[in-house]
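1. Any chance you could fold what I've pasted below:
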Amino acid sequence: MALIDQVKDICTRLAPGGWHNLLLHHGLNILAPSLQDELRNVLKVDRTLAGFEDFASSGVRGIEPGKPALSLLFHALANANVTMDAKGNPLQIYPTAAELETVMNYVYGSQPPSLQQLKELANGAPMAVVVFANEYRPAPDTVHKEQADMCFSRTGISRVGTAEPLYDAQSRGFLPFVADDNHAIRVLPARYAAYIAIQRKGDATTFGPMRVREKDETHDFWVPLHKLFHGTECIEGLNLDVQLTAMHKNEKIRRLHLMLGAGSGWEEPDISQPPFVITEGLGNWLCELEFGAGLMAASPRRFLVEAAQYKGKPLTFNVPKSPRLLASTLIGPENAPEYVHIRHKVDDAGNLVNFNQQPGILSELEKGDFQALHYLDFTADGWIQAQCPALDTAFPNRIPAYSLLCAPDFYPLCNQRHLSEWLETLSPDIQKTVFRTAPECLSDSRYAANIQSFPTLFSSTDVSITAIVGHHGSTVGQSTAAKPDTASAKRASCLPDAAAGVFAPGWDVGAVEYESSSGAVPHLAAYRLGSPFPEDAKLCAALSSFWPAVAPDAAQSFEPDAGAGPTIKPMLDQEIGITAGFSWDGIPAPHSIISNNVTQIAYHSYRYGDYTESALEGKFSLALTGKIDTLEYQRRIDAFRRVKLALGSLHEKWFIRSFKTITSDDLRELDAPLNSNVKLDAAAYRFELYRYEPSASPHFNKTLIKVIETSNYLVWPHVIFHQSGTRPWQPV
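-> Numbers count the residues shown, from 1 in each chain. Sure thing, here's the model as predicted:
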């Protein structure tokens, strides 16, 4: 069926759901007898309608050949902010993922260029068939932030989970929630497509990249020129067969044994076999009929982590004598997982000994010289490459995308880049009161992809692979600036500005240095992350002051001054399991004990906190944290920053006992003059803080502390009230 006929069927299906009157308001009749002619007509676009404020000012037609961002039909269907018809009523139905791909293909196929025309557009620049991860985004999240537009990266982020992906049509994307199961996590896919692309040096005035980095003007970037798809309508005179192929690898266990050597218990040829190396069952292409071509998703697993077996027996490794530890985690060797789980020992009789259930965990771990059980996770990295025989002569070069199957994102509605951009609006002295080290998103990194695992696919000199770029023809100032209230899409992103940068060693991907004949070459590598990944998750979440990223802050869950904290990104009581909530990480929540008018707080000991066990038991949850958007995340950080500022130089002696949003009961505690200045607000919080002294605990895996002083704060964006002990509230 011709593309225009497919588009006509899409419009006919959507029309009665509010789309006909919405697009007719702009002058586009999607039920016109000749839709092809109708889509070429000049329109009178009403950019005052919700969702159209950031439609490109130069966009005047339903379809502008080769330019998705200038095509009103595509913008309306693909923009997550378009949710109302022309009369302000909610749209009743939305396009499917497959339908959006069809309309996108028609943008490029409505007037298919010839090979000669494409070469003329390149103007002598190198050309190749290149695979990109891609998204259509509202203006705040595009390269130039001036209009809704396509964004591209040669790195895509899929995320592992325990349930099948689910397309959320209204948000035009995917979310990780499972409605009836707070502890299930859906896999999140990434969209890939092949483009004829040209190679250019970085140029902030045209394609970008987003957030230009130092020396980008000397780096080579591949820039999309024309999307490739099946059939005769893509390029004039050619019948294309476009296929994407993929390969992923998890070799964490192999790398550990390779670096530790024969003394680890295993060596070649065993360590080149599964499960030392996993290449099957990690990722798969989703159904093209349902989702459109090019949607890669991690394969759902019952649990995020599994015990490893080899030749029918538990797979173990020999922990070295007197190993290096961080808390109760093994610090791995270079060029291998940086952190490794060793709290489950397999004794000589084959029995599992769980150090988490025994006193003196550190003394046992510090001795080493035992066999620790390996655990598998199903994160990985790999490549996506395009095959198109009809273009082999014209464009023989095939440039793959770097595909990451990453750990779950517990804040899918918070973009890592948003955190960086918000901090950059603050003065340098204020920034330093939040993070000691500035956060970085993966798209800001300038590293090669994994050249050790995939030496024939990636190059050590190709350091722009994680960058986000615009379409060929993107230009600063080509549209009016977007309105300040243009919202980001409420969905998970598959592009690397939503992923954390490489940092000791990273949440989404790590970095290593490969010693080549020309010197050390830094590159990205998924195998550098923890084995299994919850080992990283615990350390990154607990060391929040050291880990400047959008990730949970677990300092409130563990006893003070034990290796976790201090708190930077406070979590509400219910998000760590206090009151009516449940903990995101499965760690038992701290609770108060009052005896003889003395208040004590009991914590699950940091040394005994085991995120690998939480994953094995299915206790992780993003049902609460996943609802937090970027603005709320920033408000919390800033609110606690202001509290610490009020505490002054002694703020490191104070710890959070409770963190909640302000209720009407809190307002009633204030005297009338104070109460009159405030109201219930989404940005209002109550902090209950304490100072402590140690107290003896009768339980080896719990820590008791004695509360010696309390201090409470009610925080609004414009005012803070303080209560010391039970004294009256006072403004700060």
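
2. how about His471, secondary structure?
-> coil (DSSP: H, G, I helix; E, B strand; the rest coil).

3. do the same with Asp181
-> Reduced to three states by three-state DSSP, Asp181 is coil.

4. Then the one 3 residues further on?
-> Following three-state DSSP, Ala184 is assigned to coil.

5. distance of the residue nearest to it when sequence neighbours are not counted from Ser583?
-> Spatially, and ignoring its direct neighbours in sequence, Ala184 is nearest to Val178 (3.8 Å; C-beta to C-beta, 6 or more residues apart in numbering). From N, CA and C alone the C-beta is placed, and that goes for glycine too. Between Val178 and Ser583 the computed distance is 18 Å (C-beta to C-beta, to the nearest Å).

6. Confidence-wise, which helix or strand of this protein is lowest on average?
-> helix 672-675 (a mean of 80; mean pLDDT, DSSP states H and E).

7. still on that earlier bit, the more surrounded of Val178 and Ser583?
-> A count of neighbours by other C-beta atoms under 10 Å puts Ser583 above the other of Val178 and Ser583, at 23 against 17.

8. Which residues are in contact with that one?
-> 557, 575-577, 589, 619, 621 (C-beta atoms under 8 Å, 6 or more residues apart in numbering).

9. Run through the bridge partners of the residue lying closest to Pro176 once chain neighbours are set aside.
-> Nearest non-adjacent residue to Pro176, counting by C-beta to C-beta, 6+ apart: Arg186, 4.5 Å away. Counting by DSSP bridges, Arg186 forms beta bridges with Ala163.

10. Is Arg186 in contact with Asp168, as I believe?
-> No: contact status for Arg186 versus Asp168: not in contact, 10.2 Å apart, counting by C-beta atoms under 8 Å.

11. Need the overlap of contacts for those two.
-> 174-175.

12. For these two, work out which one has more neighbours and name it.
-> Arg186 (23 against 16).

13. Neighbours of Leu680, how many?
-> 11.

14. And it, how far from Pro408?
-> 33 Å.

15. ok, now Glu366?
-> According to C-beta to C-beta, Glu366 stands 31 Å off from Pro408.

16. Could you do Pro275 as well?
-> For Pro275, the distance to Pro408 - C-beta to C-beta - is 21 Å.

17. between those two, which one's more packed in?
-> Taking other C-beta under 10 Å, Pro275 and Pro408 do not tie; Pro408 has more neighbours (24 against 16).

18. Doesn't Asp536 lie inside a strand?
-> No: under three-state DSSP, Asp536 sits outside any strand and is assigned helix.

19. pLDDT value on the spatially closest residue to Leu426 that is not a sequence neighbour, please?
-> Nearest non-adjacent residue to Leu426, counting by C-beta to C-beta, 6+ apart: Val434, 7.7 Å away. With respect to pLDDT, Val434 scores 87.

20. ok, Val434 touching Arg641?
-> Yes: if you go by C-beta under 8 Å, Val434 and Arg641 touch, sitting 5.7 Å apart.

21. follow-up on the earlier one: which other residues reach the least confident helix or strand of the chain?
-> Taking C-beta under 8 Å, 6+ apart as the rule, helix 672-675 contacts 667-668, 721, 729, 731.

22. So which of those is the closest to Lys538?
-> In terms of C-beta to C-beta, no member of the contacts of helix 672-675 lies closer to Lys538 than Phe721, at 35.1 Å.

23. what are the bridge partners for that closest one, then?
-> Residues in a beta bridge with Phe721, per DSSP bridges, are Leu714, Pro731.

24. any idea how far Tyr685 is from it?
-> 11 Å.

25. Mutual contacts of the two, please.
-> In contact with both Phe721 and Tyr685: Leu714, using C-beta under 8 Å, 6+ apart.

26. so where is the protein shaky, pLDDT-wise?
-> 477-484, 504-506, 517, 545-546 (pLDDT under 70).

27. Can you verify Thr437 is assigned to a helix?
-> No: Thr437 is assigned coil when assessed by three-state DSSP, not a helix.

28. My guess is it contacts Ser544. True?
-> No: contact criterion C-beta under 8 Å: Thr437 and Ser544 do not qualify, at 11.7 Å.

29. And those two? Which one has more around it.
-> Ser544 (24 against 12).

30. Quick check: that one touching Gly563?
-> No: Ser544 is beyond contact range of Gly563, at 11.9 Å (criterion: C-beta under 8 Å).

31. Val434 and Arg641 - which one has more neighbours?
-> Per other C-beta under 10 Å, whichever of Val434 and Arg641 has more neighbours is Val434, with 22 against 16.

32. Pull the contacting residues for the more buried one.
-> By C-beta under 8 Å, 6+ apart, the neighbours of Val434 are 423, 426, 568, 637, 641.

33. could you measure it against Ser299, distance?
-> Taken as C-beta to C-beta, the span from Val434 to Ser299 is 38 Å.

34. and the residue nearest to Ile662 when sequence neighbours are not counted, how many neighbours?
-> Leaving out its chain neighbours, the residue that sits closest to Ile662 by C-beta to C-beta, 6+ apart is Ala684, at 4.0 Å. Applying the criterion other C-beta under 10 Å, we find 21 residues in the vicinity of Ala684.

35. residues touching Ala684, list them.
-> Ala684 touches 661-662, 678, 714-716, counting by C-beta under 8 Å, 6+ apart.

36. pull the CA atoms of stretch 22-37 into CSV?
-> Written as CSV, here are the backbone C-alpha positions of stretch 22-37 (Å, rounded to 0.1, in the frame of the first residue of the first chain):
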residue,chain,number,x,y,z
LEU,A,22,-8.2,20.3,15.8
LEU,A,23,-6.3,20.3,12.5
LEU,A,24,-9.2,21.9,10.6
HIS,A,25,-8.7,24.8,13.0
HIS,A,26,-5.3,25.3,11.4
GLY,A,27,-6.8,24.9,7.9
LEU,A,28,-5.9,21.3,7.4
ASN,A,29,-8.7,18.9,6.5
ILE,A,30,-7.5,15.4,7.2
LEU,A,31,-10.7,14.0,5.6
ALA,A,32,-10.2,15.9,2.3
PRO,A,33,-10.9,13.7,-0.8
SER,A,34,-7.4,14.3,-2.0
LEU,A,35,-5.3,14.2,1.2
GLN,A,36,-2.1,14.4,-0.8
ASP,A,37,-3.0,17.7,-2.2
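
37. For it, what is the distance to the chain centroid?
-> 38 Å (C-alpha atoms, centre = their mean, to the nearest Å).
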